[in-house]
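[1] pasting the sequence and the predicted coordinates here, then a few questions.
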Amino acid sequence: MDVVFAENDFEAVRVVLGEAQWQEYRKARPTIRDFQDFNRKINEASGN
């Protein structure tokens, strides 16, 4: 439910992934484009 109250895409993805997976994702040093692609895939998978 917290994802509904997220103020931006970064916060929403962080909530969806959970803190441990978010930290692993950040370790990969993604670019803005990487994040945009990842966010799009999450939205498509969730039906948004």
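    Yep, it's here.

[2] pull the helix or strand with minimum mean pLDDT from this structure.
    helix 9-17 (a mean of 90; mean pLDDT, DSSP states H and E).

[3] can you give the distance of that one from its chain's centre?
    4 Å (Cα atoms, centre = their mean, to the nearest Å).

[4] quick one: name whatever helix or strand follows that helix.
    Next in sequence after helix 9-17, counting helices and strands by DSSP states H and E, comes helix 19-27.

[5] still on that earlier bit, what's next to the least confident helix or strand of the chain, contact-wise?
    Residues external to helix 9-17 that are found in contact with it (Cβ atoms under 8 Å, 6 or more residues apart in numbering): 2-3, 6, 22, 25, 35, 38-39, 42, 46. In short, each C-beta sits where N, CA and C put it, glycine included.

[6] counting neighbours, which of those residues end up buried?
    Buried residues within those, counting neighbours by 16 or more other Cβ atoms under 10 Å: 25, 38, 42.

[7] so which of those comes closest to Thr31?
    Of all those, Thr31 sits closest to Phe38, with 10.4 Å by Cβ to Cβ.

[8] show me the contacts for the closest one.
    Phe38 makes contacts with 13, 25, 30, as judged by Cβ under 8 Å, 6+ apart.

[9] any idea which element it lies in?
    helix 32-45.

[10] and that helix with helix 9-17, angle?
    Angle, helix 32-45 to helix 9-17, by axes from the mean of the first three to the mean of the last three Cα atoms, to 10 degrees: 50 degrees.

[11] I am finished for the moment; much appreciated.
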